[in-house]
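1. Next one to model:
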Amino acid sequence: MELEFRRVVFFGRSAAECLEMYGLAPAQWLGASVLDCPGGPGSLAAVLGEVGLDVTAVDPWYGASPECLDRQARGDIALAMEQIAAADHLAAGFDLKAYRTEKHRALEAFLADYGRRPQRYVQAALPVLPFADASFDLVLSGHLLFSYAPLDVGGLMPTGGFDFAWHRRAIAELMRVCRREVRIYPAHTLQGLARRHPYAEALLAELPAGWAGRFQPSRYVQGHIGSTEGLHLERLTPA
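-> Residues are numbered from 1 along each chain as shown. Predicted coordinates for the structure are as follows:
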């Protein structure tokens, strides 16, 4: 069975997972401004804020009540777990129970921070963000680009999905609001043996002047067999 979703699920990761996804060492970014886009019901923004980073998270679900977000996230966690458990290409030894537990812990940490610091969480969605040019030193984007591309190019959406034109606009917007680095994960397909996503390869080849990019191996494992790379983009000229 292939992984398939007919909409973007409200499904978050723990801060520990995100640090592995992005190859991120918070100590190297102390005092920096960071955008988590989309933040989902994950704990990254809360944890980065605790260690001294100026963090903003965006998601189309933000602005809803904590009760609504809790209900939506728990339903989507259950939906995702059903899909992952039935997937044909799940890595041997992948601990689905521990994976589920980590998602619920991330949700609880998110909800606590969402209640304490609502100003950190902004309702917004790619490909249009409500921020000025070069607003953030570091922009992070996980499990949206490439993940929700159409099924026939290795994404999760059997009908519709974010096409190549949408991805081009989304990456341009992430670069627009960034002063230094954009890190995106995953940059691989989510069907069968994971490989570099064709959209990621094409977009890397057409970066505008003043930017450089590379595929970056990741230690993060979500049960996929094959590539675990992200896409890292760096601004070469001052914003």
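2. Tell me where the model's unsure across this protein.
-> 1, 89, 91, 223-224 (pLDDT under 70).
3. mind listing the strands in it by residue range?
-> Taking DSSP state E to define them, one finds strands in the chain at 33-36, 54-59, 121-123, 136-142, 178-185, 211-217, 229-235.
4. most neighbours per residue, which of these?
-> The highest mean neighbour count among these, using mean count of other CB atoms under 10 Å, belongs to strand 136-142: a mean of 24. Every C-beta, even on glycine, is put in place using the N, C-alpha and C of the backbone.
5. and it, how far out from the chain's middle?
-> Distance of strand 136-142 from the chain centroid (CA atoms, centre = their mean, to the nearest Å) equals 10 Å.
6. which residues are contacting it?
-> 13, 18, 21-22, 24, 29, 32-38, 44, 56, 126, 170, 174-175, 177-185 (CB atoms under 8 Å, 6 or more residues apart in numbering).
7. next one: stretch 50-58
-> 26-27, 29-39, 44-45, 48-49, 120-125, 129, 131, 136.
8. Let's check: the centremost residue of this protein is which one?
-> residue 142 (1.0 Å; CA atoms, centre = their mean).
9. picking that back up, what's the closest of the strands of the chain to residue 197?
-> Judged by CB to CB, the one of the strands of the chain that comes nearest to residue 197 is strand 229-235, at 8.6 Å.
10. Run me through the strand neighbours of that closest one, direction for each.
-> strand 178-185 (antiparallel), strand 211-217 (antiparallel) (DSSP bridges).
11. do you know how far the residue nearest to the centre of the chain is from residue 205?
-> 22 Å (CB to CB, to the nearest Å).
12. quick one on the thing from earlier: show me the beta-bridge partners of the residue nearest to the centre of the chain.
-> residue 185.
13. Residue 239 versus that one, what's the distance?
-> Going from residue 142 to residue 239 by CB to CB gives 23 Å.
14. Same question for residue 28.
-> Distance from residue 28 to residue 239, by CB to CB: 19 Å.
15. more crowded one of these two?
-> residue 239 (14 against 8; other CB atoms under 10 Å).
16. so who does the more buried one touch?
-> Applying CB under 8 Å, 6+ apart, the residues near residue 239 are 133, 134, 178, 179.
17. now the residues you listed as a markdown table including distance to residue 211?
-> As requested, the contacts of residue 239 are exported to a markdown table (distance: CB to CB, whole Å):
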| residue | distance to residue 211 |
| --- | --- |
| 133 | 14 |
| 134 | 13 |
| 178 | 9 |
| 179 | 12 |
